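S.K.: Pasting the sequence and the predicted coordinates here, then a few questions.
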Amino acid sequence: MSFAQSRAVEGLTEPDNSAPSSKVDLALSVRGLRVKFEGQTGGIIAVNDLSLSIGKGEMVAVVGESGSGKTTLTNAILGLLGSNEVDGSIKLGPAEVINANKEQLRNLRRFELATILQDPVGSLNPVRTIGSQLAESARAAGIAKGSLCDEAVAKVLADVGLDKAVVSRRLPHELSGGMNQRVAIAMALLKQPRLLIADEATSALDVRTQASVVALLQKVSAEHGAAVLLVTHDIGLALQACDRVAVMYAGRLVEVGQASALLTGARHPYTQALLAATPRYEDRHQRATAIPGTFEVSRPGDQGCPFRNRCPVRQDRCDTSFPAPSRSGVGDVWCWNASENA
């Protein structure tokens, strides 16, 4: 049984729905999010009418090609975008992120949000020891200096499989990439965040280290009750590691579903294309299939499906209108063909 399936059995997620159970406390609720950027070649809709919720203790992946809007979504959640560029609602628990003032955003980032970046070494200060950086993070999270701070640092290091006596006196370059990523996760745990964002946190690691970091994120989600938003290009990793997977294309959500069901029951042509382009061990003698065509960004005024120019089952109405979600036991899908065949 996979991790995602076991979580569904325990009742933490609904296996036949693309949203958390109504009985689960929501850590993150995004409603009607729209992000527009102005440029020399005109406006770009980086995120278009996106709604997504993550429950406490749930692990959700956002997957898609470069330019699909994954990082823009996380930047909006972190409150890093200008208010004139963002419309909609983003709530961390009861707190609204959009239009929050500087002090409110500072408190949200200090106590409610934590981020793990792609390059663990780049996210750490190269000339300060691991112990001093963890102690600073503990104080920022409101943990007093002295023995309480030392105990908190030792505990989170133990939680991520590191010995405080071994790593605290070392500089980041003296640790491996996997160990530095564990240190970054330990820093995040010190604040006991409501939401932990892992933005391509495993892409710079080798396969074995990647597996250990993913297992650690699963442990954080299950034992600490933190919601985890995993941003990745690797749909195979997302399906293996997470409870649910949200597929984005050109700023739109095109499919959201339970990971255990999406692997064999994907209904959107883009999700199917991503799966076909992913090498599989059981099909190692068969070449992966590249997605035809080229990626295009969404522009203001375009009401059609953004994937239509690359879609093998394109209809005339795909040019002029984006469908409402069609729901099944797998999850939600935004596709005219899927709604007709539901």
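M.R.: Happy to help now that I have it. Being a predicted model, the structure only gives us computed values, none of them experimental.
S.K.: And the strands in the stretch 201-342 of the chain?
M.R.: Under the criterion DSSP state E, counting those that start in this stretch, the stretch 201-342 of the chain contains strands at 227-232, 244-249, 252-258, 326-327, 331-333.
S.K.: For those, could you give me TSV that also reports mean neighbour count and mean pLDDT?
M.R.: Yep, even glycine has a C-beta here, placed from its N, CA and C like the rest. Formatted as TSV, the strands of the stretch 201-342 of the chain follow (neighbours: other Cβ atoms under 10 Å; pLDDT from 0 to 100):
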stretch	mean neighbour count	mean pLDDT
strand 227-232	25	94
strand 244-249	28	96
strand 252-258	27	95
strand 326-327	18	90
strand 331-333	26	93
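S.K.: what domains does the record give for this protein?
M.R.: 3-93+194-341, 123-193 (automatic domain parsing).
S.K.: mean pLDDT for these: which is lowest?
M.R.: Mean pLDDT is lowest for domain 3-93+194-341 among the domains of the chain, at a mean of 84.
S.K.: Centre of the chain to it, how far?
M.R.: What separates the centre of domain 3-93+194-341 from the centre of its chain is 8 Å, taken as Cα atoms, centre = their mean, to the nearest Å.
S.K.: same deal with stretch 171-180?
M.R.: On Cα atoms, centre = their mean, the centre of stretch 171-180 falls 24 Å from that of its chain.
S.K.: Could you tell me the end-to-end distance of that stretch?
M.R.: 10 Å (Cα to Cα, to the nearest Å).
S.K.: same question, stretch 166-173
M.R.: 14 Å.
S.K.: Regarding Leu196, what is its secondary structure?
M.R.: strand (DSSP: H, G, I helix; E, B strand; the rest coil).
S.K.: Report the separation between it and Phe295.
M.R.: 29 Å (Cβ to Cβ, to the nearest Å).
S.K.: The two - which one has more neighbours?
M.R.: Leu196 (25 against 16; other Cβ atoms under 10 Å).
S.K.: Hmm, that one is touching Ala227, no?
M.R.: Yes - using Cβ atoms under 8 Å, Leu196 is in contact with Ala227, at 7.0 Å.
S.K.: joint contacts of these two?
M.R.: Listed as contacting both Leu196 and Ala227 by Cβ atoms under 8 Å, 6 or more residues apart in numbering are Ser221.
S.K.: returning to what we had before: export the domains of the chain as a markdown table, with columns for distance to Leu108.
M.R.: Listed next are the domains of the chain as a markdown table, based on distance: least, Cβ to Cβ, whole Å:
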| stretch | distance to Leu108 |
| --- | --- |
| domain 3-93+194-341 | 6 |
| domain 123-193 | 10 |
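S.K.: Doesn't Ala165 lie inside a helix?
M.R.: Yes - Ala165 sits within a helix when classified using three-state DSSP.
S.K.: Can you give me the neighbour number for it?
M.R.: Neighbour number of Ala165 under other Cβ under 10 Å is 10.
S.K.: Could I get the strands of the stretch 201-342 of the chain in TSV, plus columns for distance to Thr289?
M.R.: Listed next are the strands of the stretch 201-342 of the chain as TSV, based on distance: least, Cβ to Cβ, whole Å:
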stretch	distance to Thr289
strand 227-232	20
strand 244-249	17
strand 252-258	18
strand 326-327	25
strand 331-333	20
